[in-house]
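Trainee: after the sequence you'll find the predicted model.
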Amino acid sequence: MTALPSPVHLEIEALYRAHHGWLHGWLRRKLGCTHRASDLAHDTFARLLDREEPVEAREPRALLTTVAQRVLYNHWRREQVERAYLEALAQTPEPLAPSPEEQALMLEALYEIDRLLDGLPVVVKRAFLMAQLDGATHAEIGDALGISLATVKRHLAKAAAQCFFAL
């Protein structure tokens, strides 16, 4: 026995049929690449399908634009994280370079860390990453960032709380 599609799925299907072509064109103009536009249009509708309540969009294109902009923002952030990782990796001597599998795992971990720290001020992120990845002491972090020890402690506590509560 097959389950009937939910009202939310039927609503998203109707949105897809009516507006997918328009959304794909909008993303293609933003990205300059039809393949990435296809991927991000798919991700936009997938994000809508994750909802449990009906969308009930009075302005469907405004809704799709808002969701697609968030998807696009996440895409650009992931590209930025990947670029930074690859630059750091290029400076690693060949014998010490991680395997392709380890690189993929490291990138996924970096994406997750970036997601967890999203929304924090840059100085808070930097302090947290210096402590966690570089093993820097509070004094070293304070000197590097030009902030007091009390501020370092506040920043680290704020970042740790955000990571903890995000999980």
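Mentor: Sure, I can see it. Here the structure is a predicted model, which means the values were calculated and not measured. Numbering: from 1, shown residues only.
Trainee: go ahead and confirm residue 147 touches residue 123.
Mentor: Yes. Judged on Cβ atoms under 8 Å, residue 147 makes contact with residue 123 at a distance of 7.1 Å. In short, each C-beta sits where N, CA and C put it, glycine included.
Trainee: identify the contacts common to those two.
Mentor: Common contact partners of residue 147 and residue 123 (Cβ atoms under 8 Å, 6 or more residues apart in numbering): residue 155.
Trainee: low-confidence ranges, the protein, go.
Mentor: Residue ranges of the chain with pLDDT under 70: 1-4, 167.
Trainee: residue nearest the centroid of it?
Mentor: residue 74 (4.0 Å; Cα atoms, centre = their mean).
Trainee: may I see the buried residues of the one helix or strand residue 89 maps to?
Mentor: Assessed by DSSP states H and E, residue 89 sits inside helix 60-90. Along helix 60-90, these residues count as buried under the neighbour rule (16 or more other Cβ atoms under 10 Å): 60, 63-65, 67-68, 71-72, 74-75, 81, 85.
Trainee: repeat for stretch 9-18
Mentor: 11-12, 15-16.
Trainee: can you name the two of those residues that are farthest apart?
Mentor: The most widely separated members of the buried residues of stretch 9-18, counting by Cβ to Cβ, are 11 and 16 (9.7 Å).
Trainee: hang on, the earlier thing: for the helix holding residue 89, packing partners?
Mentor: helix 7-31, helix 34-49, helix 100-117 (3 or more Cβ pairs under 8 Å, 6 or more residues apart in numbering; DSSP states H and E).
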